[in-house]
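[1] Sharing a model prediction with you, sequence too.
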Amino acid sequence: MWYNKGTVNTNKLTKENAREEAVKAAVNSPELSDIKFTLGEKEFKVIDLSYDDYLKFITHLTPMLEIFIGSLASVGGVNVMTPNTEVNAASIIKYAGSSLPELVCIVCNQTDETITKEEVKKLAKSPFQLCSIVLQQIEKNKIISDFASFFKSVLPLIQASLTR
């Protein structure tokens, strides 16, 4: 059976969690995942994405992240350089029609390499179901905390370069 061997996050690897991270990477098999979902009659599992699949996933996720980050930042009074987009029904529907099925296909491919974006669209009951699956993968890979941690560490460098 094909499966993704996973990765170990070494950014903040401490003695306490080093063993846990190593075990998670070693057993990153769909058969051992406790996070599952059903599309049509098929059951799929959510596991840590490989490096290449992680990049594909966040590439398709980026447009929606830009929409939400820009909107949240403006609500908080922070000026963030993002494309001129806003959260509205049209932007969400456009995103749901294009990127959501592709994101879910990446997740499904961890369990079944043969499923396609078109099959995902046929099996899905609604874009909200697909969104729920994407959120499970975001949580599993800690994508939001990865982005937050990255920007937290980069911000002082940007601020320092602006004051020169």
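    Perfect, thanks for sending it.

[2] all helices of the protein, in order?
    For the chain, the helices defined by DSSP state H cover 15-26, 51-75, 89-108, 117-123, 127-141, 143-162.

[3] Kindly reformat these as JSON lines and extend each row with mean pLDDT, distance to Asp34 and mean neighbour count.
    Every C-beta, even on glycine, is put in place using the N, C-alpha and C of the backbone. Formatted as JSON lines, these follow (pLDDT from 0 to 100; distance: least, C-beta to C-beta, whole Å; neighbours: other C-beta atoms under 10 Å):
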{"stretch": "helix 15-26", "mean pLDDT": "62", "distance to Asp34": "12", "mean neighbour count": "12"}
{"stretch": "helix 51-75", "mean pLDDT": "75", "distance to Asp34": "20", "mean neighbour count": "15"}
{"stretch": "helix 89-108", "mean pLDDT": "85", "distance to Asp34": "15", "mean neighbour count": "18"}
{"stretch": "helix 117-123", "mean pLDDT": "95", "distance to Asp34": "22", "mean neighbour count": "16"}
{"stretch": "helix 127-141", "mean pLDDT": "92", "distance to Asp34": "11", "mean neighbour count": "17"}
{"stretch": "helix 143-162", "mean pLDDT": "78", "distance to Asp34": "19", "mean neighbour count": "11"}
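
[4] Can you check which of the ones you listed gets nearest to Gly40?
    helix 117-123 (3.7 Å; C-beta to C-beta).

[5] list the helices and strands that closest one packs on?
    helix 89-108 (3 or more C-beta pairs under 8 Å, 6 or more residues apart in numbering; DSSP states H and E).

[6] Give me the contacts around the helix it packs on.
    By C-beta atoms under 8 Å, 6 or more residues apart in numbering, the surrounding residues in contact with helix 89-108 are 39, 44, 46, 49, 53, 56-57, 60-61, 63-64, 67, 85, 115-121, 124, 127, 130-131, 133-134, 136-137.
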